[in-house]
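1. take a look and give me a structure for this.
(2 chains)
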Amino acid sequence: MLAAIEVRDLTVAYRDRPVLWDVDLSVPNGVLMAIVGPNGAGKTTLIKAILNLVTPSAGHVHIFGKPYASIKSIVGYVPQRGSVDWDFPANVLDVVLMGLYGRLGWIRRPGRTERAQAMEALEMAGIRHLAHRQISQLSGGQQQRVFLARALVQDATVYLMDEPFQGVDATTERAIIALLRDLRLGGKTVVAVHHDLQTVPDYFDEVLLLNVRRIACGPVPAVFTQENLGLTYGGRVAFLER
Amino acid sequence: MTSFQLEIQLVAVIVAGACALPGCFLVLRNMAMMSDAISHAILPGLVLAFFVTESLSSPLLLAGGAAVGVGTVALVELLRRTHLVREDAAIGLAFPAFFSVGVILIARYAGDVHLDTDAVLLGELALVPFDRWIAFGYDLGPQALYSMSMVGVLSALFVFLFYKELKLATFDAALAATLGFMPMLMHYALMALVSVTAVAAFDAVGSILVVALMVGPPAAAHLLTDRLDRMILIAIVLGIASAVSGYWFAHALDVSIAGSMAVAVGVAFLVAFLFAPARGLVAAHRRRAHQRWQFALKMLTIHLAQHEHRPDAFEECHVDHLQDHLRWDSGFAGEVVRQARQAGLVNLESSQLVLTAAGRHLAREAIVRD
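-> This next block holds a predicted model:
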C-alpha cells in the first residue's frame, strides 16, 4: 500500500551544521506515529521540512506518492503552541475558522457554513463553550485544544503535530489522545512530536527515534527498545530499566 | 473656520486614517519600528525621483519612495538572516544610512528647492493649501488631498480584500504557508503599502508624524478591544481624533501642527494605557486589589472551616487572634472580617467568628478547586 508520508534522504543544514542528516521515513496510512528524540534532534525541523516550511539541502518528500506542493490541502499542521502570539486580537472561533481559509481560497470570507463547521470542531475538541473567549484568556491546555480544533476543521488526511501534549494537564492529555484515536478510526494518519517516553507504547502505533540521523523507525513493540533509546539519547535513559 | 483650515484638517484626517490601516498589522507583527525605518529611508528615493522629474508632485516620487522603502525592508531581512545582527540592530543600521544619503543629496544638490531637512522630519501642514491642483482654470483643491486620498483608498481596498489573508499571515505565518497563502508575499505587499503611505504623507506631515500615526492609534486600539476588525476601526477613529484635536491645539498655541498632532496621539495612547476597561493600568490594579481581598476572604473561611468544632476552636476562631494565625496586621484583619460579614460568609458571636453556610461552601470550593 502507498505510504501516507514517504521521506527519502532528507538533509537539512544551517550552513555547515546538519540538523537532519539523510533521514528516511515511511509512515503507513492510518497510524499514529510518534517522533521521539532529545533536544536539538531535529524533530521540529523534520516536520517543517515535510511541510516545506524550511528548505531541505537534499531529499524528497512524497505524500501518497505525490510531491507535497501538489497535495498541500490534505496535510494538516498543528504548530507548537508557543509559536504564535496569543495576545492577538481574536477569539477562539476566529482561530478555528483559520483552518478553513485554505478551502475558501483567496479573498472569500468565511460565512455561516464555515462558522457551523468550526463550532462542530470545537465540540469535538470539547471547548464549544469557549468559542467566544478571547484567546489571551486561555490556559495552555485550552490553547492546545484550539489548535487541534483548527486542524480538525481542515479535514486533512495526514496530520503533522508539533508537541500536542506540551504543557497540558492530565485531563487534556486524555482528551487529546482520545481525539487522535478518533482520527485514526476515521482512517487519518497522525505524526506527532512527543516528549514523554513513558506514554509512547500506550499512545502510538509506530515510533521514529531521531537524533539528527534516523536511529530507528517502525512499530512500537519492535523498535522502542532499550538499545535503540540508548542510541538515541546517548545512554541516558534510565526509566525503562525497571 | 476658513477653507484653508478645513483643507489642512481634511488632509490630516486622511493621513491619519491611511496610516492606521497598515499600522495595525505592523503593531500586531511586532514590527512597529519598521514604520520608523521606512518613513526615514524613503528620503533618498524621493530625492532621486525629484531629480529625474524636477517636480514634487509626480507619481514617480511615490514609486521611487516605495521602491526604496521595500528595499530597506529587504536589506533588514538580509542582514537579519546572516544571524550576525539581530533584527532591531539591522533596522537601526539600515535606515539612518538611507536617510543620511537623502539628507546629503538635498544639502548638496537641492539647496534651493522646497525640500529642506526640517520639513522632512516634521513636514509643513500649514503649507498644504498652497500647493493646489489647478486644471482647466478650475481650482480643484490642494494636491496633497488627492495623493493622500488615493493612497488611503488603496490601503482600505488592500486591507478589505485581503483581510483574511493578512490576519492569518500575522497570527500564524507557518499555517498561512501550509495553506498556500504565501505569507512572504503578504509581508512585502504590506511593506510596500507602508512605504507608499509614508511617501504620500511625508511631504505634508513629515516622517515623525507618520511614525506616530502608524504606531500610536493601533497600539492604543489594541488595548481597547479583543477583535481585529474593531481594533482597525478604533485605530482609525483615534488617529482622526488626534489629528483634529492636534490641529486646534496647534492653532490655539500657535505651534507646529504636526508636532501637536503627534502629542495628541501620545495623549490618546496614554489615556488608553491607563483607563482601558480590561487591559489598562487602572483596571489591572483594581483587579489585583480585588483578587487580594477575594483571596483573603477565602483564607479566612478555610481557616475557620478547619478549626470549627475542634478543641482549639475558641482560640483559633477568636476575632482578635487572626493576626497571629494568618499573619495579617490588625487593620487588614479587621477589614477582612468586615467584608466577610458583609458578604454573609461569617457571623460574629461574642468575639467568635462562626462560618455561615455560604462561608462553609466557599471554603470547601476553594479547597477542592486548588
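
2. only C-alpha atoms from now on, for both contacts and neighbour counts.
-> Noted.

3. now find how far off-centre the helix or strand hosting B:Leu297 is within its chain.
-> Assessed by DSSP states H and E, B:Leu297 sits inside helix B:281-307. Computed by Cα atoms, centre = their mean, to the nearest Å, the chain-centroid distance of helix B:281-307 equals 33 Å.

4. tell me which residues touch residue 42, please.
-> I went with chain A, as the question did not name one. A:Val19, A:Leu20, A:Leu210, A:Asn211, A:Val212 (Cα atoms under 8 Å, 6 or more residues apart in numbering or on different chains).

5. nope, chain B please
-> Per Cα under 8 Å, 6+ apart, neighbours of B:Ile42: B:Gly64, B:Gly65, B:Ala66, B:Val68, B:Gly69, B:Phe98, B:Phe99, B:Ser195, B:Ala198, B:Val199.

6. could you do A:Thr172 as well?
-> Counting by Cα under 8 Å, 6+ apart, A:Thr172 makes contact with A:Gly141.

7. next, give phi and psi for residue 72.
-> I'll assume chain A. Here is the backbone geometry of A:Lys72 (degrees, to the nearest 10): phi -40, psi -50.

8. count the residues that sit near it.
-> Taking other Cα atoms under 10 Å in any protein chain shown as the criterion, the count of residues near A:Lys72 is 19.

9. what about residue 174, which helix or strand?
-> Just going to use chain A. Per DSSP H and E: helix A:170-185 holds A:Arg174.

10. meant chain B actually
-> Under the criterion of DSSP H and E, B:Ala174 resides in helix B:173-178.

11. the stretch 201-350 of chain B: helices as residue ranges?
-> Residue ranges of the helices in the stretch 201-350 of chain B, as given by DSSP state H, counting those that start in this stretch, are B:228-253, B:257-275, B:281-307, B:313-316, B:322-326, B:330-342.

12. now do the SS call for the residue lying closest to A:Asn211 once chain neighbours are set aside.
-> Counting by Cα to Cα, 6 or more residues apart in numbering or on different chains, A:Asn211 lies nearest to A:Ala41, which is 4.2 Å off, once chain neighbours are set aside. Three-state call for A:Ala41 (DSSP: H, G, I helix; E, B strand; the rest coil): coil.

13. pretty sure A:Ala41 is touching A:Ile215, no?
-> No. At 10.7 Å, A:Ala41 and A:Ile215 do not qualify as touching, with contact defined as Cα atoms under 8 Å.

14. more crowded one of these two?
-> Using other Cα under 10 Å, the more surrounded residue of A:Ala41 and A:Ile215 is A:Ala41, with 20 against 16.

15. could you measure from the more buried one over to chain B?
-> Relative to chain B, A:Ala41 is positioned 21 Å away (Cα to the nearest Cα, to the nearest Å).

16. contacts only, for that residue.
-> A:Val19, A:Leu20, A:Leu210, A:Asn211, A:Val212.

17. redo these as a markdown table? Include neighbour count.
-> Converted to a markdown table, these look like this (neighbours: other Cα atoms under 10 Å in any protein chain shown):
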| residue | neighbour count |
| --- | --- |
| A:Val19 | 20 |
| A:Leu20 | 26 |
| A:Leu210 | 26 |
| A:Asn211 | 24 |
| A:Val212 | 23 |
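
18. quick check: residues of chain A near chain B?
-> Proximity of chain A to chain B, by Cα under 8 Å from any Cα of the partner chain, involves residues A:51, A:53, A:72-73, A:77, A:79, A:83-85, A:88-91, A:98, A:101-102, A:106-107, A:109, A:134.

19. so which of the residues you listed sit within helices?
-> Residues of these located in helices (DSSP state H): A:Tyr101, A:Gly102.

20. narrow the residues of chain A next to chain B to those in strands?
-> Using DSSP state E, the members of the residues of chain A next to chain B that fall in strands are A:Tyr77.

21. now the residues of chain A next to chain B: which count as buried?
-> A:51, A:53, A:72-73, A:77, A:79, A:85, A:88-91, A:98, A:101-102, A:109, A:134 (16 or more other Cα atoms under 10 Å in any protein chain shown).

22. ok, now which ones touch the residue lying closest to B:Ala174 once chain neighbours are set aside?
-> Leaving aside its chain neighbours, B:Ala174 sits nearest to A:Leu53 (7.0 Å; criterion: Cα to Cα, 6+ apart). Listed by Cα under 8 Å, 6+ apart, the contact set of A:Leu53 reads B:Ala174, B:Ala177, B:Thr178.

23. so which of those wins on neighbours?
-> Result: B:Ala174 is most packed of the contacts of A:Leu53 (other Cα under 10 Å), 24 neighbours.

24. which elements pack onto the helix or strand harbouring A:Glu227?
-> For A:Glu227, the host element (DSSP H and E) is helix A:226-233. Contacts defined by 3 or more Cα pairs under 8 Å, 6 or more residues apart in numbering or on different chains; DSSP states H and E place helix A:226-233 against strand A:206-211, strand A:213-219.

25. what's across from the most centrally placed residue in chain A in the sheet?
-> The residue lying closest to the centre of chain A (Cα atoms, centre = their mean) is A:Met161, at 1.1 Å. On the basis of DSSP bridges, A:Met161 is bridged to A:Val78, A:Ala192.

26. B:Met299: neighbour count?
-> 18.

27. which residues does it contact?
-> Shown in contact with B:Met299 (Cα under 8 Å, 6+ apart): B:Ala363.

28. check A:Glu163 too.
-> Taking Cα under 8 Å, 6+ apart, we find A:Glu163 in contact with A:Pro79, A:Gln80, A:Ala192, A:Val193, A:His194, A:His195.

29. ChimeraX command to pick out the buried ones of the residues you listed?
-> ChimeraX command restricting the contacts of A:Glu163 to the buried ones, with burial defined by 16+ other Cα under 10 Å:
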select /A:79,80,192,193,194,195
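
30. residue contacts, residue 180?
-> With no chain named, the answer covers chain A. Contacts of A:Leu180 (Cα under 8 Å, 6+ apart): A:Leu32, A:Val190.

31. that's the wrong chain, I wanted chain B
-> With contact set as Cα under 8 Å, 6+ apart, B:Gly180 has these partners: A:Lys72, A:Gly102.

32. likewise the one 4 residues further on?
-> B:Met184 makes no contacts at all, as judged by Cα under 8 Å, 6+ apart.

33. what about the helix or strand hosting it, average pLDDT?
-> Element membership for B:Met184, per DSSP H and E: helix B:183-224. Rounded to a whole number, the mean pLDDT of helix B:183-224 is 91.

34. just stretch A:147-162 next, same as before
-> Per-residue pLDDT over stretch A:147-162 has a mean of 94.

35. how long is that stretch end to end?
-> One end of stretch A:147-162 to the other measures 11 Å (Cα to Cα, to the nearest Å).

36. before we move on, what about stretch A:220-227?
-> Terminal residues of stretch A:220-227 are spaced 13 Å apart (Cα to Cα).

37. tell me which parts of the stretch 1-150 of chain B are close to chain A?
-> Proximity of the stretch 1-150 of chain B to chain A (Cα under 8 Å from any Cα) is limited to residues B:Leu28.

38. all helices of the stretch 1-150 of chain B, in order?
-> B:3-28, B:32-53, B:59-81, B:87-109, B:117-122, B:143-161.

39. next, A:Val223: phi, psi?
-> phi -110, psi -30.

40. mind checking how far it is from A:Gly126?
-> For A:Val223, the distance to A:Gly126 - Cα to Cα - is 34 Å.

41. repeat for A:Leu179
-> 10 Å.

42. same deal with A:Ala156?
-> For A:Ala156, the distance to A:Gly126 - Cα to Cα - is 19 Å.

43. follow-up on the earlier one: out of the contacts of A:Ala41, which is nearest to chain B?
-> Nearest to chain B among those is A:Val19, at 16.6 Å by Cα to the nearest Cα.

44. am I right that the closest one sits in a strand?
-> Yes. Using three-state DSSP, the assignment for A:Val19 is a strand.

45. still on that earlier bit, now render the contacts of B:Ile42 as CSV, adding neighbour count and distance to B:His83.
-> Formatted as CSV, these follow (neighbours: other Cα atoms under 10 Å in any protein chain shown; distance: Cα to Cα, whole Å):
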residue, neighbour count, distance to B:His83
B:Gly64, 22, 29
B:Gly65, 31, 28
B:Ala66, 28, 27
B:Val68, 21, 23
B:Gly69, 33, 22
B:Phe98, 21, 22
B:Phe99, 20, 24
B:Ser195, 33, 26
B:Ala198, 33, 29
B:Val199, 31, 30
